[in-house]
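Peer 1: Structure, please.
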Amino acid sequence: MPQFSLYEEAFHPSPWHRTWLAFRESHIAIVGLFVLAIFVIFSLFAPLLTPYDPIAQNIDGLLIPPSWQPNGSISYLFGTDALGRDLFSRIMYGCRVTLGSGFLMVVLAMLIGVSIGTFAGMLRGVRSSIVNHLLDALMAIPTLLIAIIIVAILGTGLVNSMWAITLALIPQFVHRTRSFVRAEMKKEYILASRLDGANKWQLFVHSILPNMTEMLVVQGTLALSVAVIDISALGFLNLGAQSPLPELGAILADGLDVTYLAPWNVALPGLTIFLLVLSINIVGDGLRSALRKRVSH
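Peer 2: Numbering: from 1, shown residues only. Next up, the predicted model:
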């Protein structure tokens with residue numbers, strides 16, 4: 001016999017649960033999340049999923065068409081390039097290099113940017129004005145242009161391009177963190193903590209940081225799309241990853257020489273970059289809308 005409960009306990013979802021409930025109301029956001037999850041799986045398990053070595057050349061299989069074309073072979077799903085390398089394996093490893101590098105750059109830029117932004121947000125007077133003007137000047141310069149200038153100084157290569165893009169992304173996190181901290185410092189719960197004797201470090205760790213997490217998730221998602229575009233652009237311009245390293249921008253650049261003979265060498269890597277950036281942007285926009293709905297309710 002089921003037990004009778006006189007007092008029903010009201011279910012109060014957590015903030016993250018409410019955000020997920022608002023996020024899944026958008027079908028486009030769910031599709032974007034599904035596509036992004038596929039790219040993440042490709043990145044994590046590329047060594048297990050790829051049928052061939054991405055840099056192994058095969059002179060007997062040059063420019064084989066994709067499997068859906070009449071002259072294609074099921075052995076090479078996306079066909080081969082001018083050196084006989086399997087394009088499907090290279091694109092899958094390219095997702096691993098591009099998305100993995102972008103994730104590392106965003107995490108590093110977030111750690112540095114949040115630290116500087118918190119310090120800038122707690123400043124007052126002339127020092128705060130100077131920092132604000134410097135940040136506004138840096139925010140006016142496109143991140144790709146900053147990355148190209150830094151790569152020109154450090155030299156080409158994947159590692160140098162990652163450092164360059166990381167340095168270019170830091171001002172975005174500094175700007176958002178500074179604005180958030182300055183707004184939070186004016187609220188009553190911060191004033192109450194200060195009256196209890198909390199120092200700036202305790203204010204940040206125990207009061208500001210827990211409320212900043214959701215803002216950083218949204219900003220990190222948007223920064224990830226910028227990082228993927230920039231690292232692909234530098235690879236395409238031969239300033240980032242160098243051939244034969246399978247990076248999406250470098251793969252796209254390698255296919256330019258045979259565009260008319262084998263257009264799939266350009267179309268497939270370009271479509272991969274497009275879908276990857278689009279899915280990241282859709283997820284970021286869905287998160288931003290979900291957080292706005294949660295706050296409004």
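Peer 1: how long is stretch 252-270 end to end?
Peer 2: 6 Å (C-alpha to C-alpha, to the nearest Å).
Peer 1: What mean pLDDT does it get?
Peer 2: If you average the pLDDT over stretch 252-270, you get 90.
Peer 1: go on, stretch 18-28?
Peer 2: pLDDT averaged over stretch 18-28 gives 82.
Peer 1: tell me which residues in that stretch are buried?
Peer 2: Judged by neighbour count (16 or more other C-beta atoms under 10 Å), stretch 18-28 contains these buried residues: 18-19, 22-23, 26. Quick note: C-beta positions are derived from backbone N, CA and C, even for glycine.
Peer 1: Stretch 49-56 now?
Peer 2: For stretch 49-56, the neighbour count (16+ other C-beta under 10 Å) marks 50, 52, 54 as buried.
Peer 1: these two touch, right, the second one and Ser89?
Peer 2: I take that to be Tyr52. Yes. Judged on C-beta atoms under 8 Å, Tyr52 makes contact with Ser89 at a distance of 4.6 Å.
Peer 1: re the thing from before, columns distance to Met185 and secondary structure on top of the buried residues of stretch 49-56, output as CSV?
Peer 2: Shown next, in CSV, are the buried residues of stretch 49-56 (distance: C-beta to C-beta, whole Å; DSSP: H, G, I helix; E, B strand; the rest coil):
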residue, distance to Met185, secondary structure
Thr50, 51, coil
Tyr52, 56, coil
Pro54, 50, coil
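Peer 1: so what's Ile208 scoring on pLDDT?
Peer 2: pLDDT for Ile208: 80.
Peer 1: which regions of the stretch 151-297 of the chain lie under the pLDDT threshold?
Peer 2: Applying pLDDT under 70 to the stretch 151-297 of the chain flags residues 294-297.
Peer 1: Name the residues linked to Asp86 by a beta bridge.
Peer 2: Going by DSSP bridges, Asp86 is paired in beta bridges with Thr80.
Peer 1: Tell me how far stretch 171-179 lies from the chain's centre.
Peer 2: Stretch 171-179 has its C-alpha centroid displaced from the chain centroid by 17 Å (C-alpha atoms, centre = their mean, to the nearest Å).
Peer 1: quick one: the helices in the stretch 1-150 of the chain?
Peer 2: Taking DSSP state H, counting those that start in this stretch as the test, the helices found in the stretch 1-150 of the chain are 15-23, 27-44, 46-49, 87-121, 126-139, 143-154.
Peer 1: looking at those helices, which is closest to Val218?
Peer 2: helix 15-23 (10.1 Å; C-beta to C-beta).
Peer 1: which strands and helices sit next to that closest one?
Peer 2: Secondary-structure packing of helix 15-23 (3 or more C-beta pairs under 8 Å, 6 or more residues apart in numbering; DSSP states H and E): helix 264-296.
Peer 1: just checking, what packs against the helix it packs on?
Peer 2: Helix 264-296 packs on helix 15-23, helix 27-44, helix 87-121, helix 209-236, helix 248-254, going by 3+ C-beta pairs under 8 Å, 6+ apart.
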